[in-house]
Structures are given as C-alpha cells and as structure tokens.
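Peer 1: with the sequence up front, the predicted model follows.
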Amino acid sequence: MDHITRDTLVETILEIPGAIAYGIQNGVSFFTCSGGYPCSLGKLLADRGIADPEGFIAGLNAHLETKSP
C-alpha cells in the first residue's frame, strides 16, 4: 500500500481497512451527510479544523501499517 498524503482522495481512504476506525478515534469523520467527502485528505482536514494535519496523516499511515498483512 502506498502512503497516504494530503493529496490522497478521501474516497480512496474509505476503501482501506482500518482507516475509518482511525479517523473516528481521532475525531475526523471521512463522511458527510451526502456520503464520502469528494476531495483530498488535506482539504478535509483543513475544513475540519485539524490543528496538526501532518501528525494526523503520519498517525494514519502508522496505524494502517499495523493492519497490513
């Protein structure tokens, strides 16, 4: 699996096992009332007011590495 970056589409992240759980545990929902958020992860984190987007992304990548077979 490639590392997730600010430019990764949220719709792509939704398909990765463990990603949704990490987001919920860290106060970030990848969904809106209309479904998946149709933009990049960087934009979603900015819109959600996440103070440390790089830290969130690094944590997400580390979490997903532990979930890889």
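Peer 2: Everything's here; your move.

Peer 1: do I have it right that residue 3 meets residue 60?
Peer 2: No - assessed by CB atoms under 8 Å, residue 3 is found out of contact with residue 60, at 9.3 Å. Quick note: C-beta positions are derived from backbone N, CA and C, even for glycine.

Peer 1: between these two, which one's more packed in?
Peer 2: The neighbour comparison of residue 3 against residue 60 (other CB atoms under 10 Å) goes to residue 60, with 22 against 11.

Peer 1: give me the number of neighbouring residues for residue 22.
Peer 2: Residue 22 sits with 20 neighbouring residues when counted by other CB under 10 Å.

Peer 1: may I have the phi/psi pair for the nearest residue to residue 8 once chain neighbours are set aside?
Peer 2: Counting by CB to CB, 6 or more residues apart in numbering, residue 8 lies nearest to residue 41, which is 5.0 Å off, once chain neighbours are set aside. Phi and psi for residue 41, reported as degrees, to the nearest 10, are phi -60, psi -40.

Peer 1: how many neighbouring residues does residue 41 have?
Peer 2: Neighbour count of residue 41, defined by other CB under 10 Å: 26.

Peer 1: so what's it up against?
Peer 2: By CB atoms under 8 Å, 6 or more residues apart in numbering, the contact list for residue 41 reads 4, 5, 6, 7, 8, 9, 10, 13, 57.

Peer 1: my guess is the first one meets residue 59, correct?
Peer 2: No - distance between residue 4 and residue 59: 10.4 Å, which falls outside the contact criterion (CB under 8 Å).

Peer 1: so where do the strands sit in the protein?
Peer 2: Secondary structure of the chain (DSSP state E): strands at 31-32, 35-36.

Peer 1: would you list the buried entries among the contacts of residue 41?
Peer 2: Taking 16 or more other CB atoms under 10 Å as the criterion, what is buried in these is 4, 8, 9, 10, 13, 57.

Peer 1: just put the residues you listed in TSV and tack on distance to residue 26 and pLDDT.
Peer 2: Below are the buried ones among the contacts of residue 41 laid out as TSV (distance: CB to CB, whole Å; pLDDT from 0 to 100):
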residue	distance to residue 26	pLDDT
4	13	97
8	16	95
9	19	92
10	15	91
13	13	92
57	11	98
